[in-house]
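> let me see the structure of the following:
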Amino acid sequence: MKKAKPIMVQGTMSSAGKSLLCAALCRIFRQDGYRVAPFKSQNMALNSYITGEGLEMGRAQVVQAQAAGVEPSVLMNPILLKPTTDVGSQVIVNGEVRGNMRASDYFRYKKQLIPDILRAYGTLSEQYDIIVLEGAGSPAEINLKSDDIVNMGMARMAASPVLLVGDIDRGGVFAQLYGTLALLEPEERAMVKATVINKFRGDASILAPGLDQLFDLVKIPCAGVMPWVQADIDDEDSLSERLTAGARQEVDIAVARLPRISNFTDFSPFSRFPGVSLRYVKSVRELGEPDMIFLPGTKSTLADLKWLRQCGLEAKILKAADRGVPVFGICGGLQMLGRRLADPEGAEGGGEMAGLGLLPIDTVFSAQKTRSQTSGVLSDLTGALSGLNGLPFSGYEVHMGQSGLAGPVIQSGNVYGSYIHGLFDGAGAAEAVVSALYERRGLTFDPGASFDPDAYRESQYDKLARAVREALDMELIYEILEAGV
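This is a model prediction of the structure:
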């Protein structure tokens, strides 16, 4: 049986732009008539997604699958690590929770997962023409290389040529690329077929002397210099530049930037409105007096509730709610807004805490995780967000605790909560919220032309693909793809 041709994107560091370059290549290969799928053997992120089968995977590979025009599958991300503490993560294999592990324990354990990785990759390889693989962090982490399963270790397993991406925006890109290549073993270095410089602002011609010297040193061609692309595509994790306080505008929406914030993409729809500020805040000073407050999801609800309390944001949110400011909690944020949170089985370390007491729910954690897609129509909402009534929603739930909700959204006054990720992605939902906030301020909201989220998302993938086609030597990329290793 014919197998897919692989090509892999690795980076000199985290946040070098690997995920978006993979998404762009997925879209380009699809546009060129190929069946293409993304693959990342091991992803560490708190932004996750639930497939139609109720299985959990990293959201970055969902974005890449959308760019490729295919249904997301856990085969594209067989291992997902969701950090629970600074030294430990929940380990998810083939979409199912395997357990919580300390980093040192997982480091010793992870080679046992190679059969799972190979099965997932092998199945994809039989179904598609091209597989676009993504690495993680840097392949030159010499303390981790001996047991690598996601960078050069994965490239060897897939017999994949590698593109090495460096981030010029942070400075020192030539040192990044040269140093990374210098730390690779000779057989690893031979797998790197081209370099890419990413996030460049300005006239790329001024880089020519450096590119020439880099080639003289490493004898590996540069496939191109990628400009800074302003495409509205979900970022992978909390390194995202979206997670900043920002400046206040006519209508101000604040999201608590919890230490273990997850699925912050829930709020991306609000960033698309002129005159609306979407700010991620970490302190009372940054919070100020917003028009609406969101409490987002979190991988560690109890620990982040404690942080919210200690930094003073809880008291500030309670005062805002008392004034009638709309407060909306999603997933872990919903749990925090309740009366009590109990963890009798130690799913989050054990113990019991009082919540903010703004919603009439109690949450009990257990080792059993809820994972499901859901859809319906919003109804019976009153108060500031009554304009959501009658609008359809489609999203997913992924949480450890149970709170006994009878519907998609629970409400008390102007305080709302839901377990549904993607609640505001549907047509009209974000507009209804923004319109209500404008009205509360006595301002007129002009939504402009009707917004089609699916068409908009597709246009952003096309925009990204155009920029990559213009910047990279796609003829060289296809030569690398055909030649393999």
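> residue contacts, the residue of the chain most remote from its centre?
Among the C-alpha atoms of the chain, the one farthest from their average position, using CA atoms, centre = their mean, is that of residue 216, at 37.3 Å. Under the criterion of CB atoms under 8 Å, 6 or more residues apart in numbering, residue 216 has no neighbours. In short, each C-beta sits where N, CA and C put it, glycine included.
> may I have the phi/psi pair for it?
Note on residue 216: its backbone torsions stand at phi -60, psi -30 [degrees, to the nearest 10].
> specify the beta-bridge partners of the nearest residue to residue 256 once chain neighbours are set aside.
Nearest-residue entry for residue 256: residue 295, 5.4 Å, with adjacent residues in sequence omitted and distances by CB to CB, 6 or more residues apart in numbering. Beta-bridge partners recorded for residue 295 (DSSP bridges): residue 329.
> state the distance from residue 295 to residue 421.
Residue 295 sits 13 Å away from residue 421, taking CB to CB, to the nearest Å as the criterion.
> overlap in contacts of those two?
With contacts taken as CB under 8 Å, 6+ apart, the residues that reach both residue 295 and residue 421 are residue 330.
> residue 328 is in contact with the residue nearest to residue 256, correct?
Yes. Counting by CB atoms under 8 Å, residue 295 touches residue 328, with 7.3 Å between them.
> any weak-confidence spans in the protein?
1, 235-246, 449 (pLDDT under 70).
> can you pull the domain assignment for it?
What automatic domain parsing lists as the domains of the chain is 5-233+459-483, 251-440.
> including distance to residue 447, could those go into a markdown table?
Listed next are those as a markdown table, based on distance: least, CB to CB, whole Å:
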| stretch | distance to residue 447 |
| --- | --- |
| domain 5-233+459-483 | 17 |
| domain 251-440 | 5 |
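> wait, which of those domains is closest to residue 452?
Distance to residue 452, taken as CB to CB, is lowest for domain 251-440 among these, at 6.5 Å.
> distance from that closest one to the middle of the chain?
18 Å (CA atoms, centre = their mean, to the nearest Å).
> residue 310: neighbour count?
Look at residue 310: counted by other CB atoms under 10 Å, it has 9 neighbours.
> from here on, call the first residue 24.
Renumbered: residue one is now 24, and that last one reads residue 333.
> the longest helix in this protein is where?
Ranked by number of residues, the top helix in the chain under DSSP state H is helix 476-494.
> for that one, give me every contacting residue.
43-44, 46-48, 50-51, 54, 89-90, 247-250, 252, 254-256, 292, 295, 448-450.
> CA atoms only: put the helix or strand where residue 462 lies into PDB for me.
In this assignment (DSSP states H and E), residue 462 forms part of helix 452-463. Taking C-alpha atoms only, helix 452-463 is exported to PDB below (Å, rounded to 0.1, in the frame of the first residue of the first chain):
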ATOM      1  CA  ALA A 452     -23.500  34.900  19.600                       C
ATOM      2  CA  ALA A 453     -20.500  37.300  20.100                       C
ATOM      3  CA  GLU A 454     -22.500  40.100  18.400                       C
ATOM      4  CA  ALA A 455     -25.400  39.700  20.800                       C
ATOM      5  CA  VAL A 456     -23.100  40.000  23.800                       C
ATOM      6  CA  VAL A 457     -21.200  43.000  22.400                       C
ATOM      7  CA  SER A 458     -24.600  44.700  21.400                       C
ATOM      8  CA  ALA A 459     -25.800  44.200  25.000                       C
ATOM      9  CA  LEU A 460     -22.600  45.800  26.400                       C
ATOM     10  CA  TYR A 461     -22.900  48.800  24.100                       C
ATOM     11  CA  GLU A 462     -26.600  49.200  25.100                       C
ATOM     12  CA  ARG A 463     -25.700  49.200  28.800                       C
END
